[in-house]
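*Asks:* could you look at this predicted model? Sequence included:
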Amino acid sequence: VGAGPGDAGLLTLNGLQEIQEADVVLYDALVSDEIISLIRRDAERIFVGKRANGRSVAQDETNQLLLTLAQQGKRVVRLKGGDPFVFGRGGEEAEILADNQIPFEIVPGITSGIAAPAYAGIPVTHRDYSSSVAFVTAVNKPGMTKEAYWEHLAHGPETLCIYMGVKRLPEICELLVRHGKSVDTPVALVHLGTTVSQKTVTGTLGSIVQHASEI
């Protein structure tokens, strides 16, 4: 189940129904407290999230938990921030279930790459400015060098929604400019998107690093 990017109002009706019918909910670090409070009161809640420089649960451990609990006959929900299939490793978990003949369904969630810009008033496509959008991570694709990865993106879709990129922001800006993006390309950083603590900082590829200390 995709929990969406933070605002409980963005949880789908299907997602809400599933977490209120679950016997066990395995949830991520990115799932908001508002969403957690909607889980059925007597359901078992198990944290399986990952935090940079903090508490983390290995993916293999999560996979095994899903199998064990399902094989015990329990109705299990794997609750993920955003959408399970957008940088959520939902595909890997689904493969494990399929390999073990565990029936499952996927409830999509609203991903932060669309929602956070929207809450900041920024459309990811616009008839006058952008007819294409890509959701990417700051980590290069396997089998592709860093240079090739960012050169590909510099000449690709007009809007780039970059996940997990703030620590590499100076390098990302430099690589995109070096491979052809204009230094004047508009950039927005959105922190804690869709929550009451959301903060947005705007600039260009040439200036955004100077403003990034505010995020």
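*Replies:* That came through, no problem.
*Asks:* report the separation between the residue most central in space within the chain and Glu21.
*Replies:* Centroid check for the chain by Cα atoms, centre = their mean gives Gly82 as the closest residue, at 5.0 Å. From Gly82 across to Glu21, the span is 22 Å (Cβ to Cβ, to the nearest Å). (Glycine included, C-beta is placed from N, CA and C.)
*Asks:* average pLDDT across stretch 163-176?
*Replies:* The average pLDDT within stretch 163-176 is 94.
*Asks:* show me which residues of it are buried.
*Replies:* Tyr163, Gly165, Leu169, Ile172, Cys173, Leu175, Leu176 (16 or more other Cβ atoms under 10 Å).
*Asks:* next: stretch 63-71.
*Replies:* Counting neighbours by 16+ other Cβ under 10 Å, stretch 63-71 gives Asn63, Leu65, Leu66, Leu67, Leu69, Ala70 as buried.
*Asks:* stretch 30-37 now?
*Replies:* Buried, per 16+ other Cβ under 10 Å, within stretch 30-37: Leu30, Val31, Ser32, Ile35, Ile36.
*Asks:* so the nearest residue to Phe85 once chain neighbours are set aside: helix, strand or coil?
*Replies:* Closest residue to Phe85 apart from its sequence neighbours, by Cβ to Cβ, 6 or more residues apart in numbering: Gly91 at 5.9 Å. When classified by DSSP: H, G, I helix; E, B strand; the rest coil, Gly91 comes out as helix.
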